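J.: Following is a predicted model, sequence given first.
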Amino acid sequence: MSSFNVVKKQQVQAWLGPLRQRFSPSRMLRRSDGLTQLQEGGVGQEWILARRFCAFTLIDATAIPFVRRKAYADITVQRWSPFGDTRYHLQWVGAQAMVWAWSHSHVLDIGAGELVVAPRRVLPETVYRGTPRSNEAVIVAMDEGVEGRVWSDQAMIASQWWPVVPTLDQWNSFRRGSGLAASHMLPVVESWPLLRLPWATQRVAGVADIASRHRKLLQGVATGLLVGLLAFPLAASLRLVAKTAMLERVIDKEAANVGDTLAAREAAERDMAAIEKLLKLRPPRRQLQLISAVITALPANDWKLLEWRMPDRHTLEVVLQMANPDPTALVRGWESTKIFHNVSVDMGRSGNEVTIRAEIASMPLLEETAQ
């Protein structure tokens, strides 16, 4: 490249820089302690929302027709979200949608009486750090804390935020909850700067793909154009008849689409009601949490588990064999886990057999949301 072209390119970039800044929004990072400006602009604000504010889930819409997936995802997010005033961001990967949700009022509440201008757009910090992976579990450093990610075929199927780097036990619990085996060591924490644009994982549709999705619509349009070209020399009455027939076909098609959409929405609501009914049958804690808490509460290793029962979803009964059991110490140890309360100990027929009954405390809402 000649020196003249280099100079001209530099002059153009110097001229475009202020112009781009003037017509671009200011980029702000919404942290726990307020807003931090990352880039100055002249048209409104765009917020990058710290990961700690977001809850994450993955929606599988494989069984939903392409044209109805957006409506299905909207209904599913509103039913899943733990927030009363939900705002969310969808990132599609094929038929799967990664969802980040947050509380609109909580995000806008900066505090200290500061006047906040509502941003033009809010996106989660996750989509500005790192890159999609094929099949991998990683830990990524965020502006505040770290985020664990599990990838499968370019889709993030699980995500969890921690204020500090998790312990190996916490990391393995997250991996097992995502369907992966436990690891012998923590992965190296990855540090990524904020990207200028969010990473995009949705495949760009080609001409053939677009044509296959909208084949009927394109056929109708092509037919209408052909009829219009052929009917142009004819009398005004013939053109009016052709246009009327075309309009009736469009109306019938749209009426059928609306009926299908309403039927799909009703079916989705029925399915969600059934799911919610089944979810109410879950115990307030996972079995792994209960087993871990019992092991922590029992002294040393001189005991043997004989029976494990749950008469109902809120009650756990275990029968243990142990040398010289101390009922008072057992009650104190179990209740110190904060998972069990109203603990009672009954001595068995033999002196080394005890039956322990306890009520299971429900998982705090913040802990459920973080997971």
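T.: Good, I have the coordinates. Residues are numbered from 1 along each chain as shown.
J.: how close does residue 27 sit to residue 91?
T.: 19 Å (C-beta to C-beta, to the nearest Å). C-betas here are computed from N, CA, C, even on glycine.
J.: Apologies, that question was intended for residue 177.
T.: 21 Å.
J.: so what's residue 26 closest to, chain neighbours aside?
T.: residue 41 (4.0 Å; C-beta to C-beta, 6 or more residues apart in numbering).
J.: Same question for residue 136.
T.: Looking at residue 136 with C-beta to C-beta, 6+ apart, the closest residue is residue 151, at 5.1 Å.
J.: what does the model give the nearest residue to residue 284 once chain neighbours are set aside for pLDDT?
T.: Excluding its sequence neighbours, the residue lying closest to residue 284 (C-beta to C-beta, 6+ apart) is residue 362, at 4.2 Å. We have a pLDDT of 82 for residue 362.
J.: same deal with residue 121?
T.: On the pLDDT scale, residue 121 gets 91.
J.: Pull the number of nearby residues for the nearest residue to residue 163 once chain neighbours are set aside.
T.: What sits nearest to residue 163 in space, not counting adjacent residues and going by C-beta to C-beta, 6+ apart, is residue 145, at 4.5 Å. By the criterion of other C-beta atoms under 10 Å, residue 145 has 16 neighbours.
J.: do you know how far residue 145 is from residue 333?
T.: Counting by C-beta to C-beta, the gap from residue 145 to residue 333 is 32 Å.
J.: mind listing the helices for this structure?
T.: Using DSSP state H, the helices of the chain run over residues 3-22, 69-80, 104-108, 168-177, 207-213, 215-231, 236-279, 287-297, 327-335, 365-370.
J.: Give the other helices and strands that the fourth one contacts.
T.: It stands for helix 168-177. strand 146-152, strand 155-162 (3 or more C-beta pairs under 8 Å, 6 or more residues apart in numbering; DSSP states H and E).
J.: cool, the shortest one as well?
T.: Where contact means 3+ C-beta pairs under 8 Å, 6+ apart, helix 104-108 is packed against strand 86-93.
J.: Strand partners (parallel or antiparallel) of the lengthiest strand in the chain?
T.: For the chain, the strand that runs over the most residues, judged by DSSP state E, is strand 303-312. Strand 303-312 sits in its sheet next to strand 315-322 (antiparallel), going by DSSP bridges.
J.: Pull the distance from the strand it pairs with to the chain's centre.
T.: The chain centroid and the centroid of strand 315-322 are separated by 38 Å, computed with C-alpha atoms, centre = their mean, to the nearest Å.
J.: Now the phi/psi pair for the nearest residue to residue 323 once chain neighbours are set aside, please.
T.: Residue nearest to residue 323 in three dimensions, not counting chain neighbours: residue 302, with 5.3 Å by C-beta to C-beta, 6+ apart. Torsion angles at residue 302 (phi, psi; degrees, to the nearest 10) stand at phi -90, psi 50.
J.: Endpoints of stretch 139-153, how far apart?
T.: 18 Å (C-alpha to C-alpha, to the nearest Å).
J.: I'd like the average pLDDT over that stretch.
T.: 95.
J.: All set, thanks.
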